[in-house]
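1. have a look; sequence and predicted model below, questions after that.
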Amino acid sequence: MIKFFAKGANFLLGKALQNKHTFIAGSLEYLHRKRAIDTNYFDYIRLSTLELISYEINKNNLKGNAAELGVYKGKFARYINKYFPDRSLYLFDTFEGFDNRDIASEKEQNFSAGSQDFSNTSVESVLQQMPFPEKCIPVKGFFPESAKKITDTFVFVSLDADLYEPIYSGLQFFYPKLAKGGHIFIHDFNNDNYKGARKAVEDFCAEQRIGFVPIPDFGGSAIITK
């Protein structure tokens, strides 16, 4: 019955919904295993893709930890923590908003104004979001200087730093440390408000002669795997 009404809504309202960048679609009709997807998280595609990837990584017993660069309030990091409960999760952020050095580079290359304020966060408030806070390792400071002593292998990394410099630096830092079969999510790849994100991915992948897969989540992420 629900599918019947969903098809009807698409038939009657599909064009209007698409104009608002909203879609009604089925997902994984023939997968029978139980999946834990939080229906309160607005970006189903991003979260569902994370769950699928975490399942493959855990099923294959890949060795390594997880990380996010650009944590802000921890809304996505909490799901990384949830889906990788037995792995350390590094949380890289200034926890004070964009660094002026990255903003200056962003403006110089005309990628964005770098004017969004992400300063209303803290290590303490982020850890309160985490289902397994004891597995989290907050790393406060300017990246990549903040990561100089970290030599871990990683199986999953989320890059959500918005600007060219930290995303490019994140790819340079994490890709060599990525386990075979591991994945890197790069948020905002298809976000025209942050054009540096796409350029960072394109530059890095061209240099490394590797590919990437764009996905149609809310922020237009790209995925790199090894």
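-> Great, that's in hand.
2. identify the residues contacting Asp217.
-> By C-beta atoms under 8 Å, 6 or more residues apart in numbering, the contact list for Asp217 reads 43, 45-46, 49. For the C-beta atoms, the positions are set from N, CA and C on the backbone; glycine is no exception.
3. and it, how far is that from Ala104?
-> As judged by C-beta to C-beta, to the nearest Å, Asp217 and Ala104 stand 29 Å apart.
4. before we move on, what about Leu178?
-> 29 Å.
5. next one: Tyr44
-> Relative to Ala104, and taking C-beta to C-beta, Tyr44 is found at 36 Å.
6. let's verify Gly170: helix, strand, or coil?
-> helix (DSSP: H, G, I helix; E, B strand; the rest coil).
7. now swap in Phe156 and tell me
-> When classified by three-state DSSP, Phe156 comes out as strand.
8. Leu31 and Glu51, how far apart?
-> 11 Å.
9. picking up where we left off before, okay, Leu178 and Ala104: which has more neighbours?
-> Shown here are Leu178 and Ala104; by other C-beta atoms under 10 Å, Leu178 has more neighbours (21 against 12).
10. ok, Asn191 - contacts?
-> 197, 219-220.
11. and if you look at Gly70?
-> Contacts of Gly70 (C-beta under 8 Å, 6+ apart): 92-93, 158-162, 166, 187.
12. in helices, which of those residues appear?
-> Counting by DSSP state H, the contacts of Gly70 place Pro166 in helices.
13. would TSV of the contacts of Gly70 with distance to Asn19 and neighbour count be doable?
-> TSV is the format used below for the contacts of Gly70 (distance: C-beta to C-beta, whole Å; neighbours: other C-beta atoms under 10 Å):
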residue	distance to Asn19	neighbour count
Phe92	37	29
Asp93	35	28
Ser158	30	27
Leu159	30	31
Asp160	27	23
Ala161	30	32
Asp162	26	25
Pro166	33	30
His187	24	26
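14. just the ones of the contacts of Gly70 in strands?
-> 92-93, 158-159 (DSSP state E).
15. tell me which element Glu68 falls in.
-> strand 65-69 (DSSP states H and E).
16. quick one: that strand to strand 154-159, angle?
-> 10 degrees (axes from the mean of the first three to the mean of the last three C-alpha atoms, to 10 degrees).
17. how far out from the middle of the chain is strand 65-69?
-> 10 Å (C-alpha atoms, centre = their mean, to the nearest Å).
18. what do you get for stretch 110-126?
-> Counting by C-alpha atoms, centre = their mean, stretch 110-126 is centred 15 Å from the centre of its parent chain.
19. show me the contacts for the most centrally placed residue in the chain.
-> Central residue of the chain (C-alpha atoms, centre = their mean): Ser158, 3.8 Å from the mean position. Contact analysis of Ser158 by C-beta under 8 Å, 6+ apart lists 67-70, 76-77, 80, 184-185, 187.
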